[in-house]
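> Mind looking at a prediction? Sequence and model below.
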Amino acid sequence: MASPGPLRAGRGIAFFPVGTTSVGTLVALEGLDGAGKRTLVTAVRKRLDEAGLRVGTLDFPRYGRSVHADLASEALKGAHGDLSGSVHAMAVMFALDRSGAIAEMSELLAGCDIVLLDRYVASNAAYGAARLHQGADGEFVDWVRELEYGRLGLPRPDLQLYLDVPVALAEQRARGRESEDASRALDAYERDRGLQERTGEVYRQLAAADWMSPWWVLSPDIDPLTLAENLALLNDGTGRRGEKEHGTP
Ligand SMILES: Nc1ncnc2c1ncn2[C@@H]1O[C@H](COP(=O)(O)OP(=O)(O)O)[C@@H](O)[C@H]1O
Ligand SMILES: Cc1cn([C@H]2C[C@H](O)[C@@H](COP(=O)(O)OP(=O)(O)O)O2)c(=O)[nH]c1=O
C-alpha cells in the first residue's frame, strides 16, 4: 500500500518489535549537501515537541566536539595533506566521530521517544561509494556496514529517511547558505557536482534496498507536520515501539 502524501516507502514500512525496555525510536535523516536536512529536523522537532513527544536530536559530523569530525572537516577544506584524498581514511574519521557518540546516543534513546539524527552511517556509505564510482551493492558499502555496525557497534537506526532533492536545487540551497553564512563555505564534496549526482544515486539504491532498516523517501516539498505525524505513529506514546511487524503509516 502506498504511503500517504509526499512519503514514498521503498518496500513498505516496517514497524518494530516491541522491546522489553523503554527506548526511543532512532531515525536518521540523509540527503545531499544543501538538501535541507537541518531545516527539516528543526521543523519536525518543533512539531513533535508540540505533540508532547520527548525528542532528541544529534548532528553528524559533531563539529567542535569530536577531533575526528574536525579533522575531516579541515581535510575537506584542504588541510592535512593527502587525508581527504583517501576515501577510506575520510570514512574512518567520520566513523570514529560516531563511535565516540555511542554513550550519548544511548542516553538520548533512554530518555526520548524519538531521536532524530542529521546524517548517520549511510552518509559514509553513500559518499564513499560515490567517490569510488560504486553502487549500493559494491564492496565499499559492505565495508562501511562491517566497520560501523559490526566492529564499532553503532546502533542500527529503526528508520532512515532520504530527503530526495535534485542536485541542482540542493546546490542552489547550499550556495544560498554560503552567501548568508561565511562559515558554511562550500567544501570539496559540495563543489563536486558529479560526486553529488552519484551520491544521490547511491542513496536512492540504499533506500530501495532498505539498507540496514526501512527507509522512507521524502520529496523536496515534504511538509514537516505530515512527517512529524507519521513519525509519531511509530511510537505508541509510551516510549515503546509499535507492535505491527509490517505496514504503512
Ligand atoms: N524547503 C526549503 N525551501 C527553501 N529553502 C530551504 C528549504 N530547506 C532548506 N532551505 C534552505 O537551504 C539551505 C540549506 O538548508 P540546510 O537545512 O542547511 O541543508 P543541509 O542541512 O541538508 O545541508 C539553507 O539556507 C536553508 O534555509
Ligand atoms: C557524517 C558524514 C558526512 N560525510 C560528508 C557529507 C558532507 O559532504 C561532508 C560534511 O558533512 P555535512 O553534514 O555536510 O557538514 P557541513 O555542516 O559542513 O555541511 O561530509 C561523509 O562522507 N560521511 C559521513 O559519515
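The structure has been received and is ready for your questions. Numbers count the residues shown, from 1 in each chain. Ligands and ions are numbered 1, 2, ... in the order given.

> neighbours of Gly78, just the number please.
A total of 10 residues lie near Gly78 under the criterion other Cβ atoms under 10 Å. In short, each C-beta sits where N, CA and C put it, glycine included.

> hey, which strand is longest across the protein?
Of all segments of type strand in the chain, defined using DSSP state E, the longest is strand 25-31.

> Quickly check: that one near ligand 1 or not.
Yes - counting by Cβ under 6 Å from any ligand atom, ligand 1 has neighbours in strand 25-31: Gly31.

> Which residues does that strand contact?
16, 37, 40-41, 105, 109, 113-123, 126, 155-165, 170, 203, 231, 234-235, 241 (Cβ atoms under 8 Å, 6 or more residues apart in numbering).

> need the helices for the chain, in chain order.
According to DSSP state H, the chain carries its helices in the segments 37-50, 67-76, 87-99, 102-111, 121-131, 139-144, 167-180, 188-191, 193-208, 224-233.

> and the gap between the most far-flung residue of the chain relative to its centre and ligand 2?
Here the centre of the chain is the reference, and by Cα atoms, centre = their mean the most remote residue is Gly81, at 28.2 Å. Gly81 sits at a distance of 18 Å from ligand 2 (criterion: Cβ to the nearest ligand atom, to the nearest Å).

> What of Leu29?
Using Cβ to the nearest ligand atom, Leu29 is found at 11 Å from ligand 2.

> May I have the beta-bridge partners of that residue?
Asp118, Leu161 (DSSP bridges).

> Find me the pLDDT at it, would you?
What the model reports for Leu29 is a pLDDT of 98.

> do the same with Pro166
Reading off the confidence values, Pro166 has pLDDT 97.

> Does it touch Pro220 like I think?
Yes - using Cβ atoms under 8 Å, Pro166 is in contact with Pro220, at 7.3 Å.

> Show me which parts of the longest strand of the chain are buried, residue by residue.
Within strand 25-31, the residues scored as buried using 16 or more other Cβ atoms under 10 Å are 25-31.
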